[in-house]
Structures are given as C-alpha cells and as structure tokens.
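> model this:
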Amino acid sequence: MSRFQELTERFPVLKRVADLSRPVQLAGASALVALVVGAAIAFSSPDYKVLFSNLGDKDGGAIVSALDKLQVPHRFSDNGGAILVPADKVHEARMKLAEQGLPQGGNVGFELMESPKFGASQFAEQVTYQRAIEGELARSIEAMTSVETTRVHLAIPKQTLFVRERKQPTASVLLTLSPGRMLGDGQIAAIAWLVASSVPDLTPENVSIVDQTGRLLSSKASLGGLGANETHLRYTSELEQRTASRVLSILTPIVGAGNVHTEVSALLDFSVREQTSETYRPNQKPELAAVRSEQTNNSAQRGVLPAMGVPGALANEPPPAPAAAVVAPQNQQNADTQERGPSSTNMSSTVNYEVDRTISHIKESVGQIKRLSVAVVVNYRTDEEGKLQPLDATEIEQIQHLVKEAIGYSETRGDTLKVANVPFNNVEPALPVWKDPFYLDLARTAAQYLALALLLAFLWFKIVKPLMRARDEEIAPLPAVEITPAPAETQKQIDSYEDNLNAIREIAKQDPRAVSMVIRNWINDNDE
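Numbers count the residues shown, from 1 in each chain. This next block holds a predicted model:
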C-alpha cells in the first residue's frame, strides 16, 4: 500500500478533497470527446466548392430553385456572395444549370429578339436591337478573367442621306475589375477593338473605357498639356534604353565593365502626316512616249472643167456609150488633163501620247527620330602600377566613331554626341543585410541568449527535476499520527464544503508535514 493511500485511509477528509478534481477531469474528458466527434463529422462531410459567385438576386434565386429540384445539396458562403455545392457535383451542376440557361447574368442579349411584341413601332424595335447588342458585348467582355461585370452604352446616330449631317457613333464601357486585378494596355486596346468591330462605322478612338474607380483607361488625353500621352512616353523611354544599351555593349569590352556610363535623350515626332502629290513630266521623245491613239487622213482631188454649152434637155442627157475603146494618143491625154484643170492631194496624221503623270500618297510613320543627344563618360585607364591614366586623343576619337555608328548618328537631324574622359569616384556599394555589422552583432547576441535558455531548459528537465524526484522518493516514511476521531455529529457537519476546509486546516495545524507529503504525491502523479 502506497504512502498516499495510507494517508487517505487515515484521513478521509483528504480523500474528499482529492475527489474535488473529478468534475474538472470529467469536463476535460467531455471536451476531448466533443472535439473528436466534431473532427470526425468535419472529415466525413463532403468538401464544398464554389459553384457560382457574384450573382444577382434574380440569378441567385433561380439557381437555388434549380438546385432544389435537382436535389443537389448547397449552401452559401459566409458573406452570401457565392453558392457552394459538393466538390464532386460542381461540373455536373454547372452543365445542368447551363441547359436551363442559368445563370443569365445581369445583361440581356439577343434573347430580347426571340419574343417580338405585336404592334411594336420601328423606334421600339431599334431600341431593343441596340439593347441586345449592348448586352452581348457586355457578356463578351465579362469573359475576360480580370473583369467581373461590364456595362456597355452605345450612341448610334440616326441614319441620314445627307453626307454633311452624318455623325460617327460612339461607345462607352464601364468595367468592374476583380479585386487586385489590373488591365494591361493590350487588354484595353482589345476591348476597344472588340466594341468597335461590333458596331458599323465605329472606330476604336471613339470607345471610352472606364473602371469602377472612375479612372479613364482608354485615355489619349495629353499629360500636363504637353501633348505626350503615356504610350509616347513609354516608347521614348524604350528607345533611349535600347540606344544606351547598344553604346554600353560596344564600349564595355574596350574599357571594361563599370568604366563607362551613358545617357541618351531622344526627341521623337509623333505627329501624323499624310501627303498626296501629282506630278507631270515634260514632253519626251516620240520613241520614249506611250502612244494613246493615232489617226491618218489622205485625200486627193482632181480638177474638172466648168459646164459649157447651151443649157437644156440635150445637155442633161448622158453621152452615148462608145462602141469600142479608143486609146487616145499621149499628147491627147495630156491635152485632156490640161482641159480638166488642176488636181490636189491632202494627207494629215494625228498622234495622241499618254500624259506622263505621277500620283503619290505618302503617309509618314509615327515616332520618327528628330534628334538624338548622347552623353558618354569613360573612366581613366589603370596602368601596370595601378595608377589612373587618362585616355589619349586617338582613343577618345575612336570611341566617338564607334558610338556614332552604334546610335546611327546623323548630322542632318542635328544629333549631338559628347564623350568625356574623367576619373570615376568609386563609391563602395552598400553592404547587404546579412553582412551589415549591426545586424551581425544583433544576431550573435540573440544566439547567445537563445543558447543559454536552451542550456537552462536542458539542465532543468534532464538533471534538476529528476534529482528532485529521486530525493522525494528517498524520504523516510512518516511516523503514525494519532488523531482523535471526530464524533458522529461533527462527521455529519463536515460534509459540506466549508466544513471540509475547516477540517483540513485543523489537520494542517496538527501535522503540516503529512499534508505537504500528500500534496507532493498529487504533483508527482500528475507529472507521471
């Protein structure tokens, strides 16, 4: 029988005091059982995943009703912004809901045209058609990953037969972006082209894109009134960086890494120019010219003697046909020719040549370089003795020629180049954090204190505490203590909590060593 059991048998009050910890033990056991049961239920329940999020009230109610009919368990997220279903039924539920046309979204498309209204006016039909286009465009834009919701507004002018009164259509797009998402320039341009390609006569320049914060994404307005927008500034910066990189890449092998620095300033022309010219060349040689048309006219006229004789019926009769051909002698023919009168021959030729005309339409490219200004700084050379020596004039001239070829130097544009040879003031770079003496000392001090704490913990748990436990076990048994048993009436009174405490106080006064031994046994039992 252990010492603790002997004391509890000799002092029944101590046993009752020891029994006071049982409710605490029962409460801990109950909490442990509840935790195990809750964990089992949590692990056995299906894993829920998001079916749809950011739904409107109308779509959310329709989807919940459809899920109830399909007998698919569902629940809502903490903030009510998403509908959750078991992970193994997400894809099946989406396909079945898509078969029913859910979710419809906040935008309506061409389904407005599926139920035409009888007696609708032409204006009402035009408005319905425009609403359908706006809804379809909004749905297309919402398919992008960074966009949550979209609203599209189209301003389509009324068609007219008068050219001067025709107006260009415009469009505006309001985007609600996902938290933490941004749209790049390419995505913004894609949205503008998507809207412009869906509306006749609409150009991307007439499409305004705004996000939920009121920021104009498709802004082409000037920055500070200087006439340079963000795209122009970015292109100029990229050109300057590429030019400086070419200079560094050609000079670094010559002077060494870190011994050359360059800065480039580019002046670009972003104005748009279109020119149409028509030129005519002077007359060329006939053999070089192209013939358009040619016309030649030849005419001959023989002389006839005037009419002679007495006018009348006899003169109007034709002469009788000769019985046989009579060949007149040559002198007679000449005489007839002389009698008939003079003859004339006329020949004219007209040649039309093509006009040598040249029509040219020139559209100058945007972003042409108007002037480049380049500054190059080269460090002194280090000789064999480690001393700094400046470069001679020949080397500096060679560097200038190389830089001019690398940047495409043009005197016509007014480019400028300056090469300076000066000694560099080599400033030591800042030490990294892991090499900073302050942080090294701080880490060293913290490591010392941590090692001391670990050593003390090791000594306490591995040496001191086992020695104390062994010493307690070697304590000699206590002598028997005679305590006058309490009368029956007193025994009934100590059943209450206050009586128990009073009884313990009396026992502690009579034999404090025995009470301390009981408490020490309780501590040892808990440690074991």
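
> my read: Leu102 touches Ile63, true?
Yes - counting by CB atoms under 8 Å, Leu102 touches Ile63, with 5.5 Å between them. Any C-beta I mention is one placed from the backbone N, CA and C, and that applies to glycine too.

> more neighbours: those two, which one.
Per other CB atoms under 10 Å, whichever of Leu102 and Ile63 has more neighbours is Ile63, with 21 against 18.

> the stretch 101-250 of the chain: helices as residue ranges?
Listed in chain order, the helices of the stretch 101-250 of the chain (DSSP state H, counting those that start in this stretch) span 122-142, 185-198, 230-255.

> would you list the ones you listed in a markdown table and tack on distance to Ser208 and mean pLDDT?
Shown next, in a markdown table, are the helices of the stretch 101-250 of the chain (distance: least, CB to CB, whole Å; pLDDT from 0 to 100):
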| stretch | distance to Ser208 | mean pLDDT |
| --- | --- | --- |
| helix 122-142 | 14 | 86 |
| helix 185-198 | 9 | 91 |
| helix 230-255 | 16 | 91 |
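
> need those in JSON lines with distance to Ala451 and mean neighbour count, can you?
As requested, those are exported to JSON lines (distance: least, CB to CB, whole Å; neighbours: other CB atoms under 10 Å):
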{"stretch": "helix 122-142", "distance to Ala451": "60", "mean neighbour count": "16"}
{"stretch": "helix 185-198", "distance to Ala451": "56", "mean neighbour count": "16"}
{"stretch": "helix 230-255", "distance to Ala451": "49", "mean neighbour count": "15"}
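
> in CSV: those helices, plus distance to Lys435.
Output for those, formatted as CSV (distance: least, CB to CB, whole Å):
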stretch, distance to Lys435
helix 122-142, 51
helix 185-198, 41
helix 230-255, 27
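
> and Asp201, how far from Thr170?
Computed as CB to CB, to the nearest Å, the Asp201 to Thr170 distance reads 11 Å.

> can you check Ser245 too?
Remark: distance between Ser245 and Thr170 (CB to CB) = 42 Å.

> can you show me the strands along the stretch 301-450 of the chain?
Assigned by DSSP state E, counting those that start in this stretch, the strands in the stretch 301-450 of the chain fall at 344-353, 357-363, 368-378, 381-382, 388-389, 416-421.

> which one of those strands lies closest to Trp460?
For Trp460, the closest of the strands of the stretch 301-450 of the chain is strand 381-382, at 62.7 Å, according to CB to CB.

> any idea of the mean pLDDT in the closest one?
Regarding strand 381-382, the rounded mean pLDDT is 86.

> strand partners (parallel or antiparallel) of it?
Partners of strand 381-382 in the sheet, by DSSP bridges, are strand 388-389 (antiparallel).

> what's the partner strand in contact with?
Strand 388-389 is contacted from outside by 380-383, 423, using CB atoms under 8 Å, 6 or more residues apart in numbering.

> thinking again about what came up before, between Asp201 and Thr170, who's got more neighbours?
Neighbours were counted for Asp201 and for Thr170 using other CB under 10 Å; Thr170 has more, 17 against 13.

> so what's the more buried one up against?
154-155, 202, 206-208.

> buried subset of these?
Buried by 16 or more other CB atoms under 10 Å: 154, 202, 206-208, out of the contacts of Thr170.

> which ones among these lie within strands?
Members of these lying in strands (criterion: DSSP state E): 154, 207-208.

> which of those lies closest to Val355?
Out of those, the member with the shortest distance to Val355 (by CB to CB) is Val207, at 45.3 Å.

> quick check: which ranges of the stretch 351-500 of the chain have low pLDDT?
By pLDDT under 70, the low-scoring segments of the stretch 351-500 of the chain are 426-431, 467, 470-500.

> any idea how this structure splits into domains?
3-28+475-527, 46-105, 107-219, 229-278+355-425, 435-472 (automatic domain parsing).

> pLDDT wise, what is the nearest residue to Asp47 once chain neighbours are set aside at?
Excluding its sequence neighbours, the residue lying closest to Asp47 (CB to CB, 6 or more residues apart in numbering) is Ala87, at 4.5 Å. As predicted, Ala87 sits at a pLDDT of 83.
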